[in-house]
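S.K.: Quick one, structure for this:
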Amino acid sequence: MNGWSFPRLPVATGAALLLGACTVGPDFRKPDASAPATWSRHDAAPSSRTVDTEADPRWWTLYDDPILTALEQEVVAANLDLRIASARFAESRAERRIAGAAQFPQVEANASYARERASPNGVLGLLGTMEQEGAGQIASGKQGFGPTYLPGQVGASGFNLPQYGLNASWEVDLWGHVRRQVEAADAAMNTVADMRRDVLVALMAETARDYIELRSIQAQTAIVRQNLDIASRSMHLSELRFREGTSTRLDVADSRAQYHSFEARLPVLHDQEIHLVNALSFLTARAPGALSARLGPPRDIPPVPVAIPVGMPSDLAQRRPDIRAAEDRLHLATASVGVAVADFYPRITLSGSLDIQALQFSGLGSWASRQYGFGPTATLPIFEGGRLIGQLHLRKAQQKEAAIQYQRTVLHAWHEIDDAMADFTAAQRQRDRLREAVDENRIAVDVAQQQYAQGSADFLNVLTMQNMLLSTQSQLVQATADISTAVARLYRALGGGWQAILPESAARHG
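M.R.: Predicted structure coming up:
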């Protein structure tokens, strides 16, 4: 059975003690994350690029935006999802402590008092009386019995029974049943700790993405307003030429239609801005619109530095929380197999008690009133109807599932990182090309307006050039935002951010 033998019945208790304590079941071995030696390299970007130097845990400071940095700190301090994750981690630590208590003796004190009367028709009637009578005579109820029997009474009188003492028990963990349970509890606690880290990493990235998108929407709004000014000049020009008889009513209608179509974009952008401000307010556990005054004034889209440190691929398995959590789940499943195997073996419990019992309260202080008992208890499953076999098969299947899930998590992480790096490079190249397109479109709009004013071109050229200018300007803003967003997505994929915020849980627990 994969390196450990199936228990045979019966197993002598003496032989078990001679073998000494051992731990049955498979031992957990850290899985191989199969990390490549280097990151996948896409075509070199003209400006910013990733480098293999150690990544800064506070990666959001790379944007050099004090408002974003402050928001990230507020999210750490107040976010409700993170507080829930912290509460769950505290719960898991308590559960680990509960599981660990099984390794130690359990000692409890007790005290009781009862007023009792034994039934003359019960089995105690067979124990004898103060007068030597036969069992049949005693059981008939005509003869009293018990230590408080008084001559002339029929049956037994009531009596007091006060007592107090100590009870102790301890399971001798010969086969590692308790140790495997504690190992499983450690792995479960580590899983919850890594889930808390993953929540934090996701929140840091989400805050950065929402903030960048907010600045992008504000930039889009500014562009629309600039184009409204251009469209307004074109509209006035077409009206002037119409009054002078050098243009048609169609030109006036087209210019007004374009102006109003540009104007119609503003409410949509304003609505998106409200949503993003509310999203950031929620992340910081504030009411809707609480950050409006603070985030309302437009600012530039946070830029990215020339060098983006991403660390080495070999560090990913210890840095990315979901990979760590997948490893913890595999550890938990492996330890659970050991618990299922140990269920087949004898369980030996050492127990003892020391009590003071007397029929009168005055006797409770006498050492002669003591009673005690101690010794081992062994239990061995003989027939369980297939329950133990089924449980073992279940735990093995769960272990196999956890191993596959670990492989999937690692592979998914590599895909996310590669995609983010590709997006980062592509967005930079797109931005550079769009800058050139915007410059040319500005020239084209100016030339088209001049030609229309001179009567050497129709108004359709003006409309076409203005629409192209607004389109390329919007695309340029979006590409610029995509560059900064790609960095946030990259660090989310790398699992960065929790090391500086949660240093107390950086190491494995247990």
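
S.K.: Look up which helix or strand the residue nearest to the spatial centre of the chain falls in, please.
M.R.: In the chain, the C-alpha nearest the mean C-alpha coordinate belongs to Met195, at 2.4 Å (CA atoms, centre = their mean). Assigned by DSSP states H and E, Met195 belongs to helix 177-244.

S.K.: circling back to that earlier point, contacts only, for the residue nearest to the centre of the chain.
M.R.: By CB atoms under 8 Å, 6 or more residues apart in numbering, the contact set of Met195 is Ala85, Arg88, Pro321, Ala325. The way it works is simple: take the backbone N, C-alpha and C, and place the C-beta from them, glycine included.

S.K.: ok, which stretches of the stretch 51-200 of the chain are strands?
M.R.: 106-116, 159-172 (DSSP state E, counting those that start in this stretch).

S.K.: mean confidence for the last one?
M.R.: In this model, strand 159-172 has a mean pLDDT of 88.

S.K.: Please identify the pairing partners of it and their relative orientation?
M.R.: strand 106-116 (antiparallel), strand 347-357 (antiparallel) (DSSP bridges).

S.K.: what angle do the last one and helix 177-244 make?
M.R.: To tie it back to what came earlier, the one meant is strand 347-357. If you take axes from the mean of the first three to the mean of the last three CA atoms, to 10 degrees, strand 347-357 sits at 110 degrees to helix 177-244.

S.K.: which parts of strand 347-357 are buried?
M.R.: Of the residues in strand 347-357, Arg347, Ile348, Ser351, Gly352, Asp355, Ile356 count as buried by neighbour count, 16 or more other CB atoms under 10 Å.

S.K.: now, which of those residues sits nearest Ala378?
M.R.: Checking the buried residues of strand 347-357 against Ala378 by CB to CB gives Ile348 as the nearest, at 4.9 Å.

S.K.: in stretch 454-466, what's buried?
M.R.: Asp458, Phe459, Asn461, Val462, Leu463, Met465, Gln466.

S.K.: go on, stretch 246-253?
M.R.: Result for stretch 246-253 [16+ other CB under 10 Å]: buried residues Ser247, Asp251, Val252.

S.K.: residues contacting Asn461?
M.R.: Applying CB under 8 Å, 6+ apart, we find Asn461 in contact with Ala448, Gln451, Tyr452.

S.K.: swap in Met312?
M.R.: With CB under 8 Å, 6+ apart, Met312 has these contacts: Asp52.

S.K.: Let's test this: mean pLDDT of stretch 336-345, rounded?
M.R.: 93.

S.K.: If I look at the residue lying closest to Arg93 once chain neighbours are set aside, what pLDDT would I see?
M.R.: For Arg93, ignoring the flanking residues on the chain, the nearest one in space by CB to CB, 6 or more residues apart in numbering is Met189 at 6.0 Å. What the model reports for Met189 is a pLDDT of 95.

S.K.: what's the distance between Met189 and Arg88?
M.R.: Noted for Met189: a distance of 10 Å to Arg88, by CB to CB, to the nearest Å.

S.K.: Of the two, which one has the most company?
M.R.: Taking neighbours as other CB atoms under 10 Å, Met189 and Arg88 compare with Met189 leading, 25 against 15.

S.K.: Hmm, Asp355 is touching Arg370, no?
M.R.: Yes: using CB atoms under 8 Å, Asp355 is in contact with Arg370, at 7.1 Å.

S.K.: hang on, the earlier thing: so of the contacts of Met195, which ones are in helices?
M.R.: Taking DSSP state H as the definition of helices, the contacts of Met195 contribute Ala85, Arg88, Pro321, Ala325.

S.K.: With pLDDT as new columns, can those be given to me in JSON lines?
M.R.: Shown next, in JSON lines, are those (pLDDT from 0 to 100):
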{"residue": "Ala85", "pLDDT": "94"}
{"residue": "Arg88", "pLDDT": "94"}
{"residue": "Pro321", "pLDDT": "93"}
{"residue": "Ala325", "pLDDT": "95"}
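
S.K.: Buried ones among the residues you listed?
M.R.: Ala85, Pro321, Ala325.

S.K.: and the first one, how far is that from Leu283?
M.R.: Translated: Ala85. Taken as CB to CB, the span from Ala85 to Leu283 is 14 Å.

S.K.: ok, now Arg329?
M.R.: 28 Å.

S.K.: Same question for Ser471.
M.R.: Relative to Leu283, and taking CB to CB, Ser471 is found at 32 Å.

S.K.: low-scoring stretches of the stretch 251-400 of the chain, by residue?
M.R.: Across the stretch 251-400 of the chain, nothing is flagged by pLDDT under 70.

S.K.: which residues in it form helices?
M.R.: 265-283, 292-295, 316-319, 321-342, 387-454 (DSSP state H, counting those that start in this stretch).

S.K.: Which strands or helices does the longest one pack on?
M.R.: I take that to be helix 387-454. helix 177-244, helix 316-319, helix 321-342, helix 459-494 (3 or more CB pairs under 8 Å, 6 or more residues apart in numbering; DSSP states H and E).
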